[in-house]
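1. Sequence below, structure please.
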Amino acid sequence: MPGRAHADVDAVRARLGREPQASFDVVVRDAAGEPVVVRNAPFMHDGAPMPTRYWLVDPEIARAVGRLEGAGGVRAAEREIDPGALTAAHIAYAADRDAAIPPDHAGPRPTGGVGGTRTGVKCLHAHYAWYLAGGKDPVGAWVAERLESAPA
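-> Numbers count the residues shown, from 1 in each chain. This next block holds a predicted model:
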């Protein structure tokens, strides 16, 4: 729906505080209908590969995840998450993104898994965004558990 798409661009621009750098669709909304997670096209408007397929755009949730990262969340998640499950998440994320790339595409392609990395945990926001969008992401589930138990 074109009207909705334009409103989504305005809402995402306001939430990010900048122009979105790629086409996207909103895949998770809050109770008021505002965007929470967007699924980016695999390429930015300038043709460069987009490293992050799912992006957390809700500023309040992003701040909460940022506090978790600031408290050592990336290293804690890497210690606590089964490496095999994390590798499977990266592979599934890459497959999801790669399925959106036309088969005849020539030129640079996005690489890596969640947040553009192939191993370990790079960004809790990226993992949580994909988890909220329905991805089977053990780090995203780990983040969800910590956010639910965090003091308000």
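
2. ok, now how distant is residue 12 from residue 20?
-> Distance, residue 12 to residue 20, by C-beta to C-beta, to the nearest Å: 5 Å. Where C-beta positions appear, they are placed from N, C-alpha and C, glycine not excepted.

3. which residues are in contact with both of the two?
-> Residues touching both residue 12 and residue 20 comprise residue 38, with contact defined as C-beta atoms under 8 Å, 6 or more residues apart in numbering.

4. Tell me the confidence at residue 1?
-> Looking at residue 1, its pLDDT reads 45.

5. How far does stretch 47-58 stretch from one end to the other?
-> 26 Å (C-alpha to C-alpha, to the nearest Å).

6. From here on, call the first residue 49.
-> I'll keep to 49 as the first residue from here, and by that count the last item is stretch 95-106.

7. all strands of this protein, in order?
-> Along the chain, counting by DSSP state E, strands occupy 70-77, 83-92, 102-104.

8. how about the helices in this structure?
-> 50-64, 107-118, 121-128, 131-146, 172-180, 186-197 (DSSP state H).

9. still on that earlier bit, looking at the strands of the chain, which one is packed in the most?
-> Mean neighbour count (mean count of other C-beta atoms under 10 Å) peaks for strand 102-104 among the strands of the chain, with a mean of 28.

10. Looking at the strands of the chain, which is nearest to residue 117?
-> strand 102-104 (11.9 Å; C-beta to C-beta).

11. mind checking which helix or strand of this structure has the lowest mean pLDDT?
-> Using mean pLDDT, DSSP states H and E, the weakest-scoring helix or strand in the chain turns out to be helix 50-64, at a mean of 86.
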